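*Asks:* pasting the sequence and the predicted coordinates here, then a few questions.
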Amino acid sequence: MSLDKEMQELLVNYTIESAELLQVMEEGLMELESIEESEETINAIFRAAHTIKGGAGIFGFEHIVGFTHVVESVLDAMRDGLLKVDSELVAALLPCCDHLGILVREIAKGHTEENSDLTKQSEKIIAGLQPFLDNAEGKQTDSSQVASQSIQVQDETHRVQNIECDNSKSGNWHLFLHFNPDCLRDGMDPLSFILYLTKLGEIIELTTSTQALPSAGEMDPESNYLIFEIVFKSDAEKADIENVFDFVRAGSQIHILPLESKIEYYIDLIDSLESDDMQLGELLIKCGVITRRELEEGLQAQQAKRERQQSQHIGDILIEQQTVQKPIVSAALEKQQRVKESKAIENQSIRVDAGRLDILIDLIGELVIAGASASLRASQTGDMALQEANAAVISLVEEVRDSALQLRMVPIGSTFSRFQRVVRDVSKELGKDIKLHISGADTEIDKSVVEKIGDPLMHLVRNAMDHGIEPAQLRIERDKPAQGNLQLNAYHSSGNIVIEVSDDGRGLDRDKILAKAVERGLIQVGETLSDQEVYSLIFEPGFSTADQISNLSGRGVGMDVVKRNITELRGDIAIDSTPGKGTTLRIYLPLTLAIIDGFLVGVGESSYVIPLDRVVECVALPPNENHDYMELRGEVLPFIRLRQLFNKKATLSKRQNVIVVEHLGVKAGLVVDKLKGELQTVIKPLGKLFGHVQGVGGSTILGSGEVALIIDVPTLLRQQEFASNTH
Amino acid sequence: MSKTIMIVDDSSSIRQLVKISLKGDGYEVIEACDGKDALSKMDGKKIHLIISDVNMPNMDGITFVKEAKKLPAYKFTPIIMLTTESQQSKIQEGQAAGAKAWVVKPFQPQQMLAAVSKLILP
């Protein structure tokens, strides 16, 4: 098959879209397994499969069409309730997603024809679905009989309806009035209400039904037994017609329905409504088919049912209460669905090449620098008007910067939800029962960080499942629930994004790690280390306690690689562990990689930038302080003299200042000469030549054109700590 | 023959308002200032509809409705009660006594006429 350029582009779109849809399918299936059966979810899965099939049809990928068709049949049976959704069914469908993913990827690679290996694979998977299909077909025949019966019944009602409407004039409302038996005694004459009705419109037809009339002996002449059915033609709103009967509503049955022949009109009306994401009831009120009172009654009924532990959809309740006919509710539900879908499409539809975004961010970086330079020049002129104009430009630049950075932010949820599948598969592989809980899925994180965090997270999750969470038997012996609990959580915390991987397993074994570290010569026997220090030993290259080796841990990344990956993202990782209770790994990541808020300081003739989120406070250095520490509110604060560190020879200024910085709960001071205030900094990476330089995270260009180094506080602190430990 | 409506209210301005609007629509109006006054003025006359306030001296509206309903001539006479919205408990009490139609004060003359024409045969 040869594809011209246009088709080629379409094909690229198709593969991208299919990948997204497969993700939707997979997430949906996982949801079905964990949460109760939901029509919505099944529909979403079905639609995804259907779209993939449709696309494949356009390109003539018969093998995908054929395969998806079978999957679709199974999903269709699920949707019709012919197949019960259970873990077996989900287990049979998940491989279908995987296989479809392979098929689509093959196409993306340019292999548009199916190869024999994949055909075999397809056949095998389809064979796995066959039992479900057979099962569903058995039920299908049963239900089709039922369906044909109900169609007959419907036909009859239709006929009656046709006779009623077979008038020269046709109405638009059908009123069913069964007045309260006591209405006459209450001074309410049904006739007066019916006559009043004519003020609103025209009664086309009135049928008096005597079916409720008792035998003469039992009849109370003061009671009302008559039921009226009226075909009514009126331009009035439903609420106005309803108001006619407000005095007699108590104890009466009054139903006002659009006439069968007018249902089409309401369906069209619902379709044409310009509606946002409205609730069903609101949608029906807006098109005038129900009144607010009827909706409230329906909602009350729903609430009452909920209290009795039953749940029913509001649409069904409204139909049951004869407030509205089913086709209208269905139309409204479809409308709702379409609105939701179109929103979902809107959410997905803007695809921008990541490269273009990067260029934009780079340019904004330059803009920030140029802006700083302009405002410096403006302040030197002393021209107030110029300064004001410049301040306005700067604040706009800041906004542009923020919204541009926002473009790169994506919720971490999609990364997290991938792990549902991983946890499911790995726990089967390990024979453990482990449940993954996800929270903070909405937390937004830089796209480039998301791409790089997947692998380290994968390793941490596998590790936690393999080594952290004990086998069920052992858990029960230790008074823990048999089902292991793994948690992925993300949240913002003071300029960082924190991602937590926690388990309720056995925790880290301090003694074992110490023994191993001594064996490998990482520490000396008898050295006293804090828990944090001991735990961080597991990030040493090649570090592994003997009985930890399994096929799961050998997937290419070790803990040292995890650590390196995270450090490359200017992040950090910390471990919190309680023996017997569990382990929590916290990954700290910067909000963004490109632009930071910094604090500018001067040492000698040079300027340095300290990332603002690390800065706690600034204090003056006490005079004649010759040690490497000082007292800060009763606590010892060790400090680093940047003058010494960077070997600055310029004459000492009279006053020196200490910037108190914090990292992972450790505070330290940085001694500088001058405090120059906050600024926005665009990080320019240092060349490879400076790759080995510790304590410097990058450079930036100041408004004056001067270059300033950005201090990497975590490595600087670690380096100093190491230096002091070896003394 | 024009229909006769009785308005029972201790406030003469309300009586006036109701009277003017009803007369404009061609109804005959009998005024009474409380329940007791109303019962004595009814006196077997043909009355097609009664409009009554709830809070009145001598005999309140609810007692009045109960008494009127006891009289064979007025057993099926429609009654509209006037109320302020805060009197939910009164509404329940009144409905139990047989007054199902309630009009909330303050009302527009149009509202009163609509309520009347729902209950009264032309």
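*Replies:* Cool, got the structure.

*Asks:* centre of the chain to the least confident helix or strand in chain B by mean pLDDT, how far?
*Replies:* Least confident helix or strand, chain B: helix B:88-97 with a mean of 80, by mean pLDDT, DSSP states H and E. Taking CA atoms, centre = their mean, to the nearest Å, one finds helix B:88-97 lying 15 Å from the centre of the chain it belongs to.

*Asks:* do the same with stretch A:665-678
*Replies:* From the chain centre to the centre of stretch A:665-678 is a distance of 39 Å (CA atoms, centre = their mean).

*Asks:* for the residue minimising distance to the centre of chain B, what are its contacts?
*Replies:* Residue closest to the average C-alpha location in chain B (CA atoms, centre = their mean): residue B:51, at 1.2 Å. Taking CB atoms under 8 Å, 6 or more residues apart in numbering or on different chains, we find residue B:51 in contact with B:5, B:6, B:7, B:8, B:9, B:18, B:79, B:80, B:81, B:82, B:112, B:116. Backbone N, C-alpha and C define where each C-beta goes, glycine included.

*Asks:* intersect the residues you listed with the contacts of chain A.
*Replies:* For chain A, the contacts drawn from these by CB under 8 Å from any CB of the partner chain are residue B:79.

*Asks:* and residue A:186, what does it touch?
*Replies:* Neighbouring residues of residue A:186 by CB under 8 Å, 6+ apart: A:180, A:248, B:78, B:98, B:99, B:100.

*Asks:* does it count as helix, strand or coil?
*Replies:* Three-state call for residue A:186 (DSSP: H, G, I helix; E, B strand; the rest coil): coil.

*Asks:* ok, now the one 10 residues further on?
*Replies:* Following three-state DSSP, the label given to residue A:196 is helix.

*Asks:* how many neighbours does it have?
*Replies:* When counting by other CB atoms under 10 Å in any protein chain shown, one arrives at 20 neighbours for residue A:196.

*Asks:* list the contacts of the closest residue to chain A within chain B.
*Replies:* Of all residues in chain B, residue B:78 sits closest to chain A, with a separation of 3.4 Å (CB to the nearest CB). Residue B:78 is in contact with A:186, A:187, A:188, A:189, A:192, B:48, B:49, B:50, B:101, B:119, B:120, counting by CB under 8 Å, 6+ apart.

*Asks:* what separation do you get for it and residue B:15?
*Replies:* According to CB to CB, to the nearest Å, residue B:78 and residue B:15 sit 19 Å apart.

*Asks:* tally of neighbours for whichever residue of chain A sits closest to chain B?
*Replies:* Residue of chain A nearest chain B, by CB to the nearest CB: residue A:187 (3.4 Å). When neighbours are counted by other CB under 10 Å, residue A:187 registers 27.

*Asks:* just the pLDDT for residue B:32.
*Replies:* At residue B:32, the model reports a pLDDT of 91.

*Asks:* ok, what's across the strand from it?
*Replies:* Beta-bridge partners for residue B:32, by DSSP bridges, are residue B:8.

*Asks:* doesn't residue A:45 belong to a strand?
*Replies:* No. Secondary structure of residue A:45 (three-state DSSP): helix, not part of a strand.

*Asks:* that one is in contact with residue A:29, isn't it?
*Replies:* Yes. If you go by CB atoms under 8 Å, residue A:45 and residue A:29 touch, sitting 6.5 Å apart.

*Asks:* give me the helices and strands touching the lengthiest helix in chain B, please.
*Replies:* What stands out as the longest helix in chain B, according to DSSP state H, is helix B:12-24. Counting contacts by 3 or more CB pairs under 8 Å, 6 or more residues apart in numbering or on different chains; DSSP states H and E, helix B:12-24 packs against strand B:4-8, strand B:28-32, helix B:109-119.

*Asks:* coming back round to it: which residue packs closest to the residue of chain A closest to chain B, ignoring adjacent ones?
*Replies:* residue B:78 (3.4 Å; CB to CB, 6 or more residues apart in numbering or on different chains).

*Asks:* roughly how far apart are that neighbour and residue B:27?
*Replies:* Residue B:78 is 13 Å from residue B:27, by CB to CB.

*Asks:* show me the shaky parts of chain B.
*Replies:* Residues of chain B that meet the criterion pLDDT under 70 lie in B:1, B:85-86.

*Asks:* quick check: which of the helices and strands packed on helix B:12-24 is buried the most?
*Replies:* strand B:4-8 (a mean of 24; mean count of other CB atoms under 10 Å in any protein chain shown).

*Asks:* pLDDT on the helix or strand harbouring residue A:426, on average?
*Replies:* Taking DSSP states H and E as the definition, one finds residue A:426 inside helix A:413-430. Mean per-residue pLDDT for helix A:413-430: 84.

*Asks:* quick check: what element follows that helix along the chain?
*Replies:* Once the chain leaves helix A:413-430, the next helix or strand it forms, by DSSP H and E, is strand A:434-439.

*Asks:* can I get the helices and strands packed on helix B:12-24 in TSV including distance to residue A:403?
*Replies:* TSV is the format used below for the helices and strands packed on helix B:12-24 (distance: least, CB to CB, whole Å):
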stretch	distance to residue A:403
strand B:4-8	68
strand B:28-32	71
helix B:109-119	54
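
*Asks:* wait, which of those is closest to residue B:67?
*Replies:* Closest approach to residue B:67 among the helices and strands packed on helix B:12-24 (CB to CB): strand B:4-8, 11.6 Å.

*Asks:* who's in contact with the closest one?
*Replies:* Contacts of strand B:4-8 with the rest of the structure, by CB under 8 Å, 6+ apart, involve B:14-15, B:18-19, B:22, B:27-35, B:37-38, B:41-42, B:45-53, B:56, B:61, B:64, B:116, B:120.

*Asks:* and those residues, which are buried?
*Replies:* The neighbour count (16 or more other CB atoms under 10 Å in any protein chain shown) marks B:14-15, B:18-19, B:22, B:27, B:29-35, B:37-38, B:42, B:47-53, B:56, B:61, B:64, B:116, B:120 as buried among the contacts of strand B:4-8.

*Asks:* OK, contacts around the nearest residue to residue A:233 once chain neighbours are set aside?
*Replies:* The shortest distance from residue A:233 to any residue other than its chain neighbours is 4.0 Å, reached at residue A:171 (CB to CB, 6+ apart). With contact set as CB under 8 Å, 6+ apart, residue A:171 has these partners: A:202, A:204, A:205, A:231, A:232, A:233, A:234, A:259.

*Asks:* please report how far residue A:171 lies from residue A:197.
*Replies:* 12 Å.

*Asks:* any shared contact partners between the two?
*Replies:* By the contact definition CB under 8 Å, 6+ apart, residue A:171 and residue A:197 are jointly contacted by residue A:232.

*Asks:* which residues of the stretch 151-300 of chain A lie near chain B?
*Replies:* Checking the stretch 151-300 of chain A against chain B by CB under 8 Å from any CB, the hits are A:184-189, A:191-193, A:195-196, A:199, A:222, A:244, A:247-248, A:250.

*Asks:* tell me who's in contact with residue B:30.
*Replies:* Residue B:30 is in contact with B:4, B:5, B:6, B:7, B:41, B:45, B:47, counting by CB under 8 Å, 6+ apart.

*Asks:* taking those together, which two end up most distant?
*Replies:* Largest pairwise distance in the contacts of residue B:30, by CB to CB, is 14.1 Å, between B:7 and B:45.

*Asks:* the residue of chain A closest to chain B contacts residue B:116, doesn't it?
*Replies:* No. Contact criterion CB under 8 Å: residue A:187 and residue B:116 do not qualify, at 12.0 Å.

*Asks:* which residues are in contact with each of the two?
*Replies:* Joint contacts of residue A:187 and residue B:116 (CB under 8 Å, 6+ apart) are residue B:49.

*Asks:* which regions of the stretch 201-350 of chain A sit below the pLDDT cut-off?
*Replies:* In the stretch 201-350 of chain A, residues with pLDDT under 70: A:261, A:272-278, A:342-350.

*Asks:* ranges for the strands of it?
*Replies:* With DSSP state E, counting those that start in this stretch as the criterion, the stretch 201-350 of chain A has strands at A:201-209, A:227-234, A:253-258.

*Asks:* export the ones you listed to a markdown table and tack on mean neighbour count?
*Replies:* A markdown table is the format used below for these (neighbours: other CB atoms under 10 Å in any protein chain shown):
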| stretch | mean neighbour count |
| --- | --- |
| strand A:201-209 | 14 |
| strand A:227-234 | 19 |
| strand A:253-258 | 19 |
